[in-house]
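Peer 1: Take a look and give me a structure for this.
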Amino acid sequence: MRLILLGPPGAGKGTQAQRLVQKHGIVQLSTGEMLRAAVAAQTPVGMQAKDIMASGALVPDEIVIGIISDRLDQPDAAKGFILDGFPRTVPQAEALDELLKKKQIGLDAVVELRVNESALLQRVESRVAEMRARGEDVRIDDTPEVLAKRLASYRSQTEPLIHYYSERRKLLTVDGMMTIEEVTREINRILAAIGAVEARAARKADAAKRTAKKSKLAAKSKAKKGVGKAAGKADTGKAAKAASGKSAKKAAKRAGAAKKPAKASRKAGKTPSKAKKSTRKAAAGSRARAIGKSRKAAKKVTKRRAKR
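Peer 2: Coordinates of the predicted model:
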């Protein structure tokens, strides 16, 4: 829980801050206490503030922001904090927003305790009168005159923060004129409502993250399947191509094998024909020779008969 308490002097900010600290286990950050602690610890920012405070001048905003930054880095502020007395001006609020943004810290709410200034003055007057009646000492800063000056300063410097945080939807207003217990209950009710809203938002954000993660995983799985399918198609295409190549080769071989017997057949077919021709030629030659011999023999016989 990270809160800022706003309200004029006497509105009861200190009392409510202590109750919130006890309920939520967070730390109350008061600029005055932080300045004194930084000076005592002799931090670099604290030493700058020490010299300025010693001269009686107001500590510049950048030094106050530096002290707040150091304080927020301490372990006990990790769970949450309440800023009381800061910011007091719009420039301080802007510087605080920038600081929280750099530290990635979100501000949950700015609780304004709205009171009636006339009623505050009457309260102080009554309290002072009672203390004097009992013979008690009255603090110099706890008089109607001092309160009137502080209220005027609040109106001119700090009251513009109400509009500043209202525009950023951080402002929650509580009636500070109620009793202390009633104010505490109202603040707790409002903060519980904020917590419930933030819890729902966190659940929605987690659900959205899970959905996005599932979608991403599904997309990756689909992409892998697509790659595998494409690779399978490519392999199938290669296999088919290889198979078709092999088939073509086999077919060519078979065709070649078929051609050889056909050639052989044709050759074989031609051989008997040639043999027949040769045989016929040889036979014709033999007959011609035989006829020639017969004719020669017949001539010889004819010649011998003629001589006789």
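Peer 1: From now on I want contacts and neighbour counts done on CA atoms only, so please keep to that.
Peer 2: OK.
Peer 1: I'd assumed G7 was in contact with L120.
Peer 2: No. With contact defined as Cα atoms under 8 Å, L120 and G7 do not form a contacting pair (11.8 Å).
Peer 1: out of the two, which sits in the busier spot?
Peer 2: Neighbour count, other Cα atoms under 10 Å: between L120 and G7, G7 has more, with 24 against 20.
Peer 1: Would you mind measuring from the more buried one to A17?
Peer 2: Computed as Cα to Cα, to the nearest Å, the G7 to A17 distance reads 12 Å.
Peer 1: cool, and V110?
Peer 2: V110 is 12 Å from A17, by Cα to Cα.
Peer 1: same thing with R150?
Peer 2: Distance from R150 to A17, by Cα to Cα: 20 Å.
Peer 1: Between those two, point out the one with more neighbours.
Peer 2: Neighbour count, other Cα under 10 Å: between R150 and A17, A17 has more, with 23 against 15.
Peer 1: Could you point out which residue ranges in the stretch 151-300 of the chain have low pLDDT?
Peer 2: For the stretch 151-300 of the chain, the stretches flagged by pLDDT under 70 are 198, 202, 227-300.
Peer 1: Swap in 50 and give it another go.
Peer 2: Applying pLDDT under 50 to the stretch 151-300 of the chain picks out residues 262, 264-265, 267-272, 275.
Peer 1: where's the residue sitting nearest the centre point of the chain relative to R203, distance?
Peer 2: Centroid-nearest residue in the chain, with Cα atoms, centre = their mean: K209, separated by 8.7 Å. Distance from K209 to R203, counting by Cα to Cα: 10 Å.
Peer 1: surely V90 meets I162?
Peer 2: No. Between V90 and I162 there is no contact under Cα under 8 Å: 9.6 Å.
Peer 1: can you give me the helices for the protein?
Peer 2: With DSSP state H, the ranges of helices along the chain come out as 13-24, 31-41, 44-54, 61-72, 90-102, 117-133, 144-153, 160-167, 180-307.
Peer 1: The first one packs against which elements?
Peer 2: With contacts defined as 3 or more Cα pairs under 8 Å, 6 or more residues apart in numbering; DSSP states H and E, the packing partners of helix 13-24 are strand 2-6, strand 27-30, strand 81-84, helix 180-307.
Peer 1: The fifth one too?
Peer 2: When contacts are defined as 3+ Cα pairs under 8 Å, 6+ apart, helix 90-102 sits against helix 61-72, helix 160-167.
Peer 1: and among those, the most buried is which?
Peer 2: Most buried of the helices and strands packed on helix 90-102, by mean neighbour count (mean count of other Cα atoms under 10 Å): helix 61-72, with a mean of 17.
Peer 1: tell me the mean pLDDT over that one?
Peer 2: Mean per-residue pLDDT for helix 61-72: 90.
Peer 1: how distant is that helix from the center of its chain?
Peer 2: Mean C-alpha position of helix 61-72 versus that of the full chain (Cα atoms, centre = their mean, to the nearest Å) differs by 31 Å.
Peer 1: Next, the angle helix 31-41 makes with it.
Peer 2: 80 degrees (axes from the mean of the first three to the mean of the last three Cα atoms, to 10 degrees).
Peer 1: Can you tell me what sits against helix 61-72?
Peer 2: 31, 34-35, 38, 45-46, 48-49, 77-78, 92, 95-96, 99 (Cα atoms under 8 Å, 6 or more residues apart in numbering).
Peer 1: Next: stretch 179-198.
Peer 2: With Cα under 8 Å, 6+ apart, stretch 179-198 has contacts from G12, Q16, R19, D108, V111, L172, V174, D175, G176.
Peer 1: I'd like the distance between P44 and K50.
Peer 2: 10 Å.
Peer 1: Settle it for me: which of the two has more neighbours?
Peer 2: Higher neighbour count among P44 and K50: K50, with 19 against 14, using other Cα under 10 Å.
Peer 1: if you skip the residues just before and after it, what's nearest to the more buried one?
Peer 2: Nearest residue to K50 in three dimensions, chain neighbours excluded: V39, at 5.9 Å (Cα to Cα, 6 or more residues apart in numbering).
Peer 1: you'd agree the one you found is up against D51?
Peer 2: No. At 9.6 Å, V39 does not count as touching D51 under the criterion of Cα under 8 Å.
Peer 1: which of these two has more neighbours?
Peer 2: Ranked by neighbour count (other Cα under 10 Å), V39 and D51 place V39 first, with 20 against 13.
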